[in-house]
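In: Got a predicted structure plus its sequence, pasted below:
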Amino acid sequence: MIMPEQRRRLVTEIPGPVSRELLARRASAVARGVSNMLPVFVTDAGGGVIVDADGNSLIDFGSGIAVVSVGNAAPRVAARVTEQVSRFTHTCFMVTPYEGYVAVCEELAARTPGDHEKRSALFNSGAEAVENAVKIARHATRRQAVVAFDHAYHGRTNLTMALTAKNMPYKDKFGPFAGEVYRMPMAYPLRWPGGPDACAAQALEVVKSLIHAQVGEDNVAAVIIEPIQGEGGFVVPPDGFLPGLASFCRDNGIVFIADEIQTGFCRTGDWFACDHEGVVPDLVTTAKGIAGGLPLAAVTGRAGIMDSVHSGGLGGTYGGNPVACAAALGAIETMEAEDLAGRARRIGEIMLPRLHKLASAHPVIADVRGRGAMLAVELCRPGTLEPDPVTTSAVSAFCHRAGLVTLTCGTFGNVIRFLPPLVIGEDLLDEGLSIVEDAFASVVS
Ligand code: PLZ
């Protein structure tokens, strides 16, 4: 593999002339619905940098939306993929199986929360994993209702759009949506009317009483929640909320699904975000970080629930593709060998104090939150909770021009999130943070 030099280098404006030429080609060939956040065309990436077609080298605080936690083209991933791709690329596991699929499922059983007997099924995308988790929960319980939360993001397919909260850009005019989805208030400390201290207990009570009154506990197949919400704004539920929700589900025969697609695989400083409070979900959905950039997703859960589905009831042509499985084994090996959960905690220790300092200098920052290497700042008009998406975009655009890949998120578009590869060097991390500081200093008057 070719590891690009680990430094930021700007040789043209962003995007440069080569990228602009490619953008023109893109405009007449690629559907407009598929957007670009930072339109530089990539030629190489690795460690903590992304190199573009003009020779610019950008610091990566996005990891391709929390995917390349092990780094881009990570050596163990590249080696296993290369080996696998030269042996065989596809048989379809449902036709003739291969060991890699089984090995990934064994790893998932060993790494996901809880030491109960588990089974897994592999898919291609996060949305597909979520769809299947709901299918499995419905099949196992013979119930239909699914409970999701405000600010949730679970994907762009029909059922997962219904589970996703935000209209633009995900749902607008794409309806009708799948039925039997019920949305509950999220334990969002910054915005909880009773204040952050009361949030966990009050939110839990509200959710329980709404489920009772509006759905009926014994109609509910599953409650699905991201243990830290991703696209919806990196909302971290206060301690106590997730364990309370899990035990409510247990008491009522409801399948508790943790969507760990963005939080999973060491991102938050544990293997899974549920580990933080010892929450043991019935089903876990994973994708993104699982395979170092190759498309792979999984549903892992209690053997009794997973195996309630008849033979042939789950699958898909490509699910658990051998090359993607090889990549996952390389990625998981990397996480273990390089203690990437520890690296995520270290990234949090470096970044959080600087973000808090930034917040005390800039009252536009209403909240600093997250865990490990999944961190964010929420921007509001100073002294209010009125979202400030305009400053958010301006700060983000400054970062992009300066050669730092940052992403925004949030139901109100007012959150800047930081998801560096867990293998990023500390000098790049420092430099990236300095760019964020410069951006606030320059944009916020
Ligand atoms: N569940 C928690 O974060 C994907 C979406 C990017 P797919 N998040 C990035 C976009 O704008 O499309 C995600 C997630 C959580 C499910 C998904 C869906 O995963 O692999 O994108 O289908």
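Out: Everything's here; your move. Remember, predicted model here, so these are calculated numbers, not experimental data.
In: where do the strands sit along the stretch 301-445 of the chain?
Out: Taking DSSP state E, counting those that start in this stretch as the criterion, the stretch 301-445 of the chain carries its strands at 365-371, 374-379, 404-405, 407-409, 415-418.
In: Mind putting the ones you listed into TSV with mean neighbour count?
Out: Where you see a C-beta, it was placed from the backbone N, CA and C, and this is true even at glycine. Conversion of those to TSV gives the following (neighbours: other C-beta atoms under 10 Å):
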stretch	mean neighbour count
strand 365-371	22
strand 374-379	26
strand 404-405	25
strand 407-409	22
strand 415-418	26
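In: Switch those over to CSV, and while doing so, append mean pLDDT to every line.
Out: Formatted as CSV, those follow (pLDDT from 0 to 100):
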stretch, mean pLDDT
strand 365-371, 98
strand 374-379, 98
strand 404-405, 98
strand 407-409, 98
strand 415-418, 98
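In: wait, which of those is closest to the ligand?
Out: Distances from the ligand to each of these were compared using C-beta to the nearest ligand atom; the minimum, 9.0 Å, belongs to strand 407-409.
In: and that closest one, what does it pack onto?
Out: Counting contacts by 3 or more C-beta pairs under 8 Å, 6 or more residues apart in numbering; DSSP states H and E, strand 407-409 is packed against helix 389-401, strand 415-418.
In: mind running it again at 6 Å?
Out: Applying 3 or more C-beta pairs under 6 Å, 6 or more residues apart in numbering; DSSP states H and E, we find strand 407-409 packed against strand 415-418.
In: Can I get the strands of the stretch 301-445 of the chain in TSV including distance to the ligand?
Out: Supplementary listing: the strands of the stretch 301-445 of the chain in TSV, determined by distance: least, C-beta to the nearest ligand atom, whole Å:
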stretch	distance to the ligand
strand 365-371	14
strand 374-379	11
strand 404-405	15
strand 407-409	9
strand 415-418	11
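In: Nearest approach to Ala29 belongs to which of those strands?
Out: Proximity of these to Ala29 was assessed by C-beta to C-beta; the nearest stretch is strand 404-405, lying at 23.9 Å.
In: Give me the sheet partners of that closest one and which way each runs.
Out: strand 57-60 (parallel) (DSSP bridges).
In: Which positions within stretch 390-399 qualify as buried?
Out: Under the neighbour-count criterion of 16 or more other C-beta atoms under 10 Å, stretch 390-399 has 391-396, 398-399 buried.
In: now swap in stretch 94-105 and tell me
Out: Across stretch 94-105, burial judged by 16+ other C-beta under 10 Å covers 98, 100-101, 104-105.
In: could those be laid out in TSV, adding pLDDT?
Out: Conversion of the buried residues of stretch 94-105 to TSV gives the following (pLDDT from 0 to 100):
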residue	pLDDT
Tyr98	98
Gly100	98
Tyr101	98
Val104	99
Cys105	99
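In: ok, those residues vs the ligand, which is closest?
Out: Set against the ligand, the nearest of the buried residues of stretch 94-105 by C-beta to the nearest ligand atom is Val104 (16.3 Å).
In: Just to check, the closest one is in contact with Cys325?
Out: Yes - using C-beta atoms under 6 Å, Val104 is in contact with Cys325, at 4.9 Å.
In: Which residues are in contact with Ile257?
Out: Applying C-beta atoms under 6 Å, 6 or more residues apart in numbering to Ile257 gives the contacts 133, 222, 224, 283.
In: Report the beta-bridge partners for the second one.
Out: Right, the one you point to is Ala222. Each beta-bridge partner of Ala222 is listed here, defined by DSSP bridges: Val146, Val255.
In: Go ahead and confirm it touches Arg138.
Out: No - no contact is recorded between Ala222 and Arg138 when judged using C-beta under 6 Å, the distance being 7.5 Å.
In: Tell me which of those two has more neighbours.
Out: For Ala222 versus Arg138, neighbours defined as other C-beta atoms under 10 Å are more numerous around Ala222 (27 against 18).
In: Mind pulling up the pLDDT for that one?
Out: Model confidence at Ala222, expressed as pLDDT, equals 99.
In: can you check Ser445 too?
Out: At Ser445 the predicted local distance difference test score is 73.
In: Give me the neighbour count for the residue in the stretch 101-250 of the chain that the ligand sits nearest to.
Out: Distances between the stretch 101-250 of the chain and the ligand by C-beta to the nearest ligand atom are smallest at Gly126, namely 2.2 Å. By the criterion of other C-beta under 10 Å, Gly126 has 29 neighbours.
In: any idea how far the ligand is from Leu58?
Out: The spacing between Leu58 and the ligand, counted by C-beta to the nearest ligand atom, to the nearest Å, is 19 Å.
In: Surely that residue touches Val405?
Out: Yes - at 5.4 Å, Leu58 counts as touching Val405 under the criterion of C-beta under 6 Å.
In: ok, now how distant is His212 from Arg111?
Out: Note on His212: its distance to Arg111, by C-beta to C-beta, to the nearest Å, is 35 Å.
In: neighbour-wise, which of these two wins?
Out: Remark: of His212 and Arg111, Arg111 carries more neighbours, 20 against 11, as counted by other C-beta under 10 Å.
In: and the gap between the residue nearest to Ala344 when sequence neighbours are not counted and Pro17?
Out: Of all residues beyond its chain neighbours, the one nearest Ala344 is Gly372 (3.6 Å), with distances taken as C-beta to C-beta, 6 or more residues apart in numbering. For Gly372, the distance to Pro17 (C-beta to C-beta) stands at 38 Å.
In: and what of Gly316?
Out: Gly316 sits 42 Å away from Pro17, going by C-beta to C-beta.
In: Tell me which of the two has more neighbours.
Out: Counted by other C-beta under 10 Å, Gly316 and Pro17 do not tie: Gly316 has more neighbours, with 16 against 11.
In: How confident was the prediction at the closest residue to the more buried one other than its chain neighbours?
Out: On the basis of C-beta to C-beta, 6+ apart, the spatially nearest residue to Gly316 that is not a chain neighbour turns out to be Phe123, at 6.2 Å. Each residue has a pLDDT score; the one for Phe123 is 98.
In: and Phe123, what does it touch?
Out: Neighbouring residues of Phe123 by C-beta under 6 Å, 6+ apart: 129, 297, 319.
In: next one: phi and psi at it?
Out: Backbone torsions for Phe123, taken as degrees, to the nearest 10, come to phi -140, psi -170.
In: any low-confidence regions in the stretch 101-250 of the chain?
Out: Counting by pLDDT under 70, the stretch 101-250 of the chain contains no low-confidence range.
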